[in-house]
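Student: generate coordinates for the sequence data below:
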Amino acid sequence: KHPKLRTAIKIMLVIFLLLCVIGAGIVAGMFFGLFGDDFEITKEELIRLVLMPLMGGESAQKERITGAFRIIEKAKDISEEDVRRLEAVIYTMADKFLEKIDLDEVRSEMRMTELGKMLYKEAEKSDDEIQGVEAYEENGDEFKITRVKITSEEGEKLLGKKTGTYITIESPSLRHCDPEIAEKITQVLKKELSSLAGEKPDSPVLVAGLGNSRITSDSLGPMTVSNLVVTRHLLSELSREASKNLSSVCAISPGVLGITGIETSEIISSVSENIKPKLLIVIDALASRRAERVSTTIQITDTGICPGSGVGNHRAAINSETLGMPVIAIGVPTVVDASVLAEDASSAVYDMLLSKIPENSAAYNSISEMRSEKSEGFYDNMLKTEPFFVTPKEIDSISERISKIIADGINTFLHPGITKEEIEIFTS
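Tutor: Below is the predicted model of the structure:
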């Protein structure tokens, strides 16, 4: 009857449970400080740990594997070479025993290990195409651009993503209303779209704004479409001079399965059969795994998108394989899982405690172990609820600003030479 009260109670329960975890860590540290310092994991114990994913237990095999990675990373008195060897053995078992979805999550975890960092750095430095990964980074005054191109199966296995190009434009200023910075990011977006589809792609171009317009944090796609210069219905009525800088562009907001009863991919496929677009651009709101990336990054890829996958609603993929035409996906993280915030908060507290305790002491080692042993889904299990997503309180104004930046980037990309005044005329 009182949803705000229920939410407040849940948050208080999470805080209470976090305090319990932290308190248990301090008590454990005091206990081991009183009863000895022989708490470090030895190399022999780590070797036995490698076999843990093969053993039975209440936790899922994927969780035992990711847990093994984390414990090895925190181990002391063991060489980097031995760490990489143990990680390589665990990853081999993961590749052998896990399903694809679970394996992709393990690969994501592995990228933060010594083995993952080594492989990625080698791929980044090497000119050898067998490595399968090309990575570039560009820093501007108010933004950073990261480009990663995966060119082979080896690269797919390394990063856990499909072959293609992945571009991230990162700028904390996206959250704020600064027209000058917005214009800079618009031009960057135009440039990156051109790098994926050419200076002026063949017409017609279809733009699809995915998401639920009734939910503010999921309305980025429909809001972007409302700011686009759509011209497919006008070109035949305009003079050659008036239309020389315009492409044939049409747009749809297909809604979501829960409202329409139709898969988004089915709607786009049906529309495409009639208008036969040469390029599809898809815009959607995303769920982030890191709180600091919410509303501060624009992600672009030519590998398409799976609507709803970030919040556990796995819908049919929208990509070149399913639709038979080039697909560029643009996404912005607008929500983050509450369990991520809880983990970030507890990690910050653990780090603060560890900074106050001498290294290699019993208390330091016990708290370090507790910090590293949190398995995937640990905080979800603590919350005992369905997935719980959080968004900034000013998400309505943020989405409005970012959707305008994305729309202007697409407009200037598809209609070279168009002015701001002309965009306002077309979209007003």
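Student: any idea how far residue 207 is from residue 160?
Tutor: 29 Å (CB to CB, to the nearest Å). (Glycine included, C-beta is placed from N, CA and C.)
Student: more neighbours, these two?
Tutor: The neighbour comparison of residue 207 against residue 160 (other CB atoms under 10 Å) goes to residue 207, with 25 against 18.
Student: check contacts around the more buried one.
Tutor: Shown in contact with residue 207 (CB atoms under 8 Å, 6 or more residues apart in numbering): 224-225, 228, 230, 249-252, 280-283, 410.
Student: and it, what element?
Tutor: Taking DSSP states H and E as the definition, one finds residue 207 inside strand 205-209.
Student: who does that strand pair up with?
Tutor: Next to strand 205-209 in the sheet, as set by DSSP bridges, lie strand 249-252 (parallel), strand 279-288 (parallel).
Student: for residue 213, find the nearest of the ones you listed.
Tutor: Taking CB to CB, strand 279-288 is the member of the strands paired with strand 205-209 nearest to residue 213, at 11.0 Å.
Student: which residues sit against the helix or strand just after the closest one?
Tutor: The element immediately downstream of strand 279-288 (helix or strand, assigned by DSSP H and E) is strand 297-301. Outside of strand 297-301, the residues within contact range by CB under 8 Å, 6+ apart are 164-171, 174, 185, 189, 192-193, 196, 286, 328-333, 402, 405-406.
Student: residue 173: neighbouring residues, count only.
Tutor: Counted with other CB under 10 Å, residues neighbouring residue 173 total 16.
Student: wait, it sits on residue 141?
Tutor: No. Look at residue 173 against residue 141 with CB atoms under 8 Å: they stay out of range, at 9.8 Å.
Student: if we can go back for a sec, of the contacts of strand 297-301, keep whichever come out buried.
Tutor: 164-171, 174, 185, 189, 192-193, 196, 286, 328-333, 402, 405-406 (16 or more other CB atoms under 10 Å).
Student: show me those residues that map onto helices.
Tutor: Mapping those onto helices (DSSP state H) picks out 185, 189, 192, 193, 196, 402, 405, 406.
Student: and these as CSV, adding distance to residue 367?
Tutor: CSV is the format used below for those (distance: CB to CB, whole Å):
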residue, distance to residue 367
185, 42
189, 44
192, 43
193, 48
196, 46
402, 40
405, 43
406, 44
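Student: adding pLDDT, write those residues out as a markdown table.
Tutor: Below are those laid out as a markdown table (pLDDT from 0 to 100):
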| residue | pLDDT |
| --- | --- |
| 185 | 93 |
| 189 | 95 |
| 192 | 95 |
| 193 | 95 |
| 196 | 94 |
| 402 | 95 |
| 405 | 95 |
| 406 | 96 |
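Student: single out the most deeply packed of the strands paired with strand 205-209.
Tutor: strand 279-288 (a mean of 24; mean count of other CB atoms under 10 Å).
Student: check which element follows the lowest-mean-pLDDT helix or strand in the chain along the chain.
Tutor: Across the helices and strands of the chain, the lowest-confidence element by mean pLDDT, DSSP states H and E is helix 114-125, at a mean of 49. Where DSSP H and E defines the elements, the next helix or strand beyond helix 114-125 is strand 133-139.
Student: which strands and helices sit next to that following strand?
Tutor: In terms of contacts (3 or more CB pairs under 8 Å, 6 or more residues apart in numbering; DSSP states H and E), strand 133-139 is packed against helix 114-125, strand 144-150, helix 153-159.
Student: can you list the buried residues in the second one?
Tutor: Along strand 144-150, the positions that meet the burial threshold by neighbour count (16+ other CB under 10 Å) are 145, 146, 147, 148, 149, 150.
Student: could you do stretch 344-363 as well?
Tutor: Across stretch 344-363, burial judged by 16+ other CB under 10 Å covers 346, 349, 350, 353, 354, 357, 362, 363.
Student: okay, and which of the residues you listed map to helices?
Tutor: Those of the buried residues of stretch 344-363 lying in helices (DSSP H): 346, 349, 350, 353, 354, 362, 363.
Student: can you tell me which two in those residues are farthest apart?
Tutor: Greatest spatial distance among those (CB to CB): 346 and 362, at 20.9 Å.
Student: spit out the contact partners of residue 230.
Tutor: 207, 249, 250, 251, 426.
Student: all the helices of the stretch 301-428 of the chain, residue numbers only.
Tutor: Remark: helices assigned in the stretch 301-428 of the chain by DSSP state H, counting those that start in this stretch are 320-323, 338-355, 362-373, 378-383, 395-414, 420-427.
Student: and for residue 404, the neighbour number?
Tutor: Using other CB under 10 Å: residue 404 sits among 17 other residues.
Student: repeat that for the one 10 residues further on.
Tutor: Residue crowding around residue 414 was assessed by other CB under 10 Å; the count is 26.
Student: okay but residue 147 is in contact with residue 136, surely?
Tutor: Yes. Residue 147 lies in contact with residue 136 (CB under 8 Å); the separation is 4.5 Å.
Student: residue 263 contacts residue 316, doesn't it?
Tutor: Yes. With contacts counted by CB under 8 Å, residue 263 reaches residue 316, the gap being 5.2 Å.
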